[in-house]
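> generate coordinates for the sequence data below:
(one chain, ligands or ions: 3)
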Amino acid sequence: MVAGNAVQTTSLGEEIGRRINELGAISEEVGKLTRIYLSKELREAADLILGWMREAGMSAHLDAIGNVCGRYEGERPGAPCLMLGSHYDTVRDAGKWDGPLGVITAIACVADLNRRGKRLPFAIEVVGFADEEGVRFASTLLGSRAVTGTFDESVLNTRDRDGVSMRDALIRFGLDPDHIGAAARARGELLAYLELHIEQGPVLEAQNLPVGIVTAIAGATRLAARLTGMAGHAGTVPMALRRDALAGTAECIGAIEQFCRTDASGLVGTVGYIHAKPGATNVIPGEVSFTIDLRAPTDMHRKRAVADIVRQIEAIAKRRQLVLQLDVTHENRTAPCAPWLKEQIAKAIGAEGFSVFELPSGAGHDGMAMIDIADVGMIFVRCRGGISHHPDEHVELADADTGARVLLRVIENFRPRDGQLSPQVTG
Ligand code: HGY
Ligand code: MN
Ligand code: MN
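Ligands and ions are numbered 1, 2, ... in the order given. Presented below is the predicted three-dimensional model:
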């Protein structure tokens, strides 16, 4: 159990809040939070987090793909670890809690153990994944995929909005693109992967609960679409003779929205990015690129929806004589959270005096990759109005404190599965 003298002079929540603000100030945009993969801002954030990890008594390093990794040894060095983590990259114009809350809370828990000189029968590792959002190179979970050895090397050739390849961006960041394999961990090294994250939805607030247990992380399919028609003079080309790529895209977006709105089982579809060329008021758009993000409570339902929506987009392109290029840039299956981990989280929530509530995650998380080498557990923390991927994203410090206390209890009372820790390690 958490030792009675674990009470801090300043609550864990206050320490976490201070660091959220400090990290949240590192951005490529003034007045907004945008910290994308392999940017100089990500490097600045990495250095800050590595310093926090070392202050908490961990050895810490940047791994081969840019994740920040800290290790707090157990009673005997070299034991398998309970891995805690989340991501430290952000979307554009982001909130400051999505990702960093999990990394900073995990560090705060280790710092608390370290202050008390407490060592456990297993090591604790904290990882800040460098690219969960997939903002820069379309594909996502790049950091956690490198850790699980499932990184797709073809992503190295994808280019960002400025035409910079991931390969070149890694080199500029000081990393070796041919060395990403060094970040991979073996299944036996991890006892489990636990992530604390803001809910990014309104359910816990509606239940009037500060924390909840995640049942599963919804799968997602991301597609990149390009419609090519014919640019032309806005004043002289009759409407009937146009092959307007932007008008065609607008019809596609309407069809996607309509399809998802009329779906009765939780399908959601988003077109988050669009770029029309040549982009002049008096020119009929000849080429439009846009993205599609589709999610559903089950993989089967999502895959069926993807197929139906692709058929509709193909029909619109054909009727409008537009050339369609449509590629799946990212596909993640639904990741179930492990019952044995949910149980241990439930015990900790109960011990903190709160009722236990389970809920699915509509948002994606690194656990979707980590499930390839470890069982996954997730703790959700209430966020105001369920707002996320928005600068108004906010967590009350009292809830951050509760999340930290629950995570600390899970850590200190963690029971690996039978046989995970060999006798000589447990003594
Ligand atoms: O898109 C997501 O669900 C996550 O925030 N990356
Ligand atoms: Mn996010
Ligand atoms: Mn996130």
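> C-alpha only now, for contacts and for neighbours.
OK.
> got the contact list for the closest residue to I171 other than its chain neighbours?
Setting aside the residues directly before and after it, I171 is nearest to P177 in space (Cα to Cα, 6 or more residues apart in numbering), at 6.9 Å. With contact taken as Cα atoms under 8 Å, 6 or more residues apart in numbering, P177 is in contact with 65, 156, 167, 170-171.
> G70 pairs with what?
On DSSP bridges, the residues paired with G70 through beta bridges are A60, V126.
> just to check, it is in contact with F129?
No - in terms of Cα atoms under 8 Å, G70 does not count as a neighbour of F129; the distance is 11.6 Å.
> what about A224, helix or strand, and which?
Here A224, judged by DSSP states H and E, is contained in strand 220-228.
> can you select the buried ones from the contacts of P177 in ChimeraX?
Buried residues within those, as defined by 16 or more other Cα atoms under 10 Å, are selected in ChimeraX through the command that follows:
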select :65,156,167,170
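> I379 falls within a helix, correct?
No - residue assignment for I379, taken from DSSP: H, G, I helix; E, B strand; the rest coil, gives strand, which places it outside any helix.
> packing partners of the helix or strand where L23 lies?
Secondary structure assigned from DSSP H and E places L23 in helix 12-24. Taking 3 or more Cα pairs under 8 Å, 6 or more residues apart in numbering; DSSP states H and E as the contact definition, the neighbouring helices and strands of helix 12-24 are helix 100-115, helix 397-412.
> now the angle between helix 397-412 and the first one, please.
Taking axes from the mean of the first three to the mean of the last three Cα atoms, to 10 degrees, one finds helix 100-115 and helix 397-412 inclined to each other by 60 degrees.
> ok and helix 100-115 relative to helix 12-24, angle-wise?
Relative orientation of helix 100-115 with respect to helix 12-24: 130 degrees, computed using the same axes, to 10 degrees.
> model confidence over helix 100-115, on average?
The average of the pLDDT scores along helix 100-115 is 98.
> what about that helix, distance to the chain center?
19 Å (Cα atoms, centre = their mean, to the nearest Å).
> quickly check: it near ligand 1 or not.
No - contact of helix 100-115 with ligand 1 (Cα under 6 Å from any ligand atom) is absent, the minimum separation being 12.1 Å.
> as CSV, could you dump the C-alpha coordinates of the next helix or strand after the helix holding L23?
On the C-terminal side of helix 12-24, the nearest following helix or strand under DSSP H and E is helix 40-55. The C-alpha atoms that make up helix 40-55 are tabulated as CSV, following Å, rounded to 0.1, in the frame of the first residue of the first chain:
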residue,chain,number,x,y,z
LYS,A,40,13.4,21.6,-32.8
GLU,A,41,10.6,22.2,-30.3
LEU,A,42,10.4,18.4,-29.8
ARG,A,43,14.1,18.3,-29.1
GLU,A,44,13.7,21.1,-26.5
ALA,A,45,10.8,19.2,-24.9
ALA,A,46,12.9,16.0,-24.9
ASP,A,47,15.7,17.7,-23.0
LEU,A,48,13.3,19.1,-20.4
ILE,A,49,11.7,15.7,-19.8
LEU,A,50,15.0,13.8,-19.7
GLY,A,51,16.1,16.2,-16.9
TRP,A,52,12.8,15.5,-15.0
MET,A,53,13.5,11.8,-15.3
ARG,A,54,17.0,12.1,-14.0
GLU,A,55,15.8,14.3,-11.1
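> what does helix 40-55 contact?
23, 26-28, 35-36, 59-62, 67-70, 88-89, 107, 111, 130, 173.
> for stretch 209-218, same thing?
Counting by Cα under 8 Å, 6+ apart, residues outside stretch 209-218 touching it are 204, 295-298, 333-337, 342, 345-346, 349, 354-365, 367-368, 377-382, 399, 402-403.
> now do 6 Å
297, 334-337, 357-362, 378-382, 399 (Cα atoms under 6 Å, 6 or more residues apart in numbering).
> kindly report the same for stretch 138-147.
Identification of contacts with stretch 138-147 by Cα under 6 Å, 6+ apart yields 129-134, 151, 183-185, 329-330, 366, 369.
> how long is it end to end?
For stretch 138-147, the first and last residues are 19 Å from each other (Cα to Cα, to the nearest Å).
> tell me if that stretch is near ligand 1.
No - figure legend: stretch 138-147 not in contact with ligand 1 (Cα under 6 Å from any ligand atom); closest approach 7.4 Å.
> also stretch 364-383?
Yes - Stretch 364-383 lies within reach of ligand 1 by Cα under 6 Å from any ligand atom, at 364-365.
> touching ligand 3 at all, that stretch?
No - when contact is scored as Cα under 5 Å from the ion, no part of stretch 364-383 falls within range of ligand 3; the minimum is 5.8 Å.
> could you give the mean pLDDT of that stretch?
Mean pLDDT, stretch 364-383: 98.
> distance between the ends of it?
Start-to-end span of stretch 364-383 (Cα to Cα) is 16 Å.
> mind checking how far that stretch is from the chain centre?
Taking Cα atoms, centre = their mean, one finds the center of stretch 364-383 at 9 Å from the center of the full chain.
> okay then, goodbye and thanks.
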